[in-house]
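Novice: Here's a sequence, model it:
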Amino acid sequence: MIAENIKHIINSIPSDVQLVAVSKTKPNADIIEAYHVGQRLFGENKVQELVAKYESLPKDIQWHFIGHLQSNKVKYIAPFVSLIHSVDSLKLLQIINKEAEKCGRTIPCLLQVHIAKEETKFGLDQTELNQLIEESGNLKNVCICGFMGMATNTDDMNIVRNEFRELKRLFDTAKSKYFNQSSSFNTLSMGMSGDYKIAIEEGSTMIRLGSTIFGERIYH
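Specialist: Numbers count the residues shown, from 1 in each chain. Alright, predicted model coming up:
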């Protein structure tokens, strides 16, 4: 079913929207099934699990870190991670920059913006967002490529739509104010299995789907 699910999703979304298959807790066999139908972007939220999968799976997979990243864990993923979705402080960005420099690479990052009504979600508010961007100019080994946000976990899709719309507004504002010379500031990561269609309508360029691809997650 995994292969069929991916084909169905790819055929139903615009060609300029990227699909990140959220493979957290899933076995390597599931990832390989997705890989065989051309899926190359996979998202993980635990550093240890990400490192283990990176070491044992094909090297042309692009691994995205999508969970809350602790600064003391950055060094383990810095050598290979393709995109970090969840930068929520200047301190974290500085540590990513330092570890990237040690590896001789530039790590693409998204700034995580708090758009949901829930306090449990991580992310920057508008003031913190602008401040972080303004203070990050001297970091040469990270590239701020865009924003990531998670909508409120609710059945009210009007709330979800408005939150995505607000994130797109912040993205457009930042693009014109800070990144108008940067072609690499082009990623808006918003939309998960329950709300990705709305996210795409509101301007998402990257969606993160788990259960829609792999089936419901079983927690032990």
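
Novice: what stretches of the protein score poorly on pLDDT?
Specialist: Scanning the chain for pLDDT under 70 picks out the ranges 120-121, 217-220.

Novice: where along it do the helices fall?
Specialist: 2-12, 28-36, 47-56, 74-77, 90-103, 126-135, 157-177, 196-201, 211-214 (DSSP state H).

Novice: I'd like to know which of the ones you listed is closest to residue 143.
Specialist: Closest approach to residue 143 among the helices of the chain (Cβ to Cβ): helix 90-103, 9.4 Å. Where you see a C-beta, it was placed from the backbone N, CA and C, and this is true even at glycine.

Novice: Send over that closest one as PDB, restricted to the C-alpha atoms.
Specialist: Once non-C-alpha atoms are left out, helix 90-103 reads as follows in PDB (Å, rounded to 0.1, in the frame of the first residue of the first chain):
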ATOM      1  CA  LEU A  90      19.300  31.900  17.700                       C
ATOM      2  CA  LYS A  91      21.300  29.700  20.100                       C
ATOM      3  CA  LEU A  92      20.300  26.600  18.200                       C
ATOM      4  CA  LEU A  93      21.100  28.200  14.800                       C
ATOM      5  CA  GLN A  94      24.500  29.200  16.100                       C
ATOM      6  CA  ILE A  95      25.200  25.600  17.200                       C
ATOM      7  CA  ILE A  96      24.100  24.300  13.900                       C
ATOM      8  CA  ASN A  97      26.400  26.800  12.200                       C
ATOM      9  CA  LYS A  98      29.300  25.700  14.400                       C
ATOM     10  CA  GLU A  99      28.800  22.000  13.700                       C
ATOM     11  CA  ALA A 100      28.300  22.600  10.000                       C
ATOM     12  CA  GLU A 101      31.600  24.500   9.900                       C
ATOM     13  CA  LYS A 102      33.300  21.500  11.400                       C
ATOM     14  CA  CYS A 103      31.900  19.300   8.700                       C
END
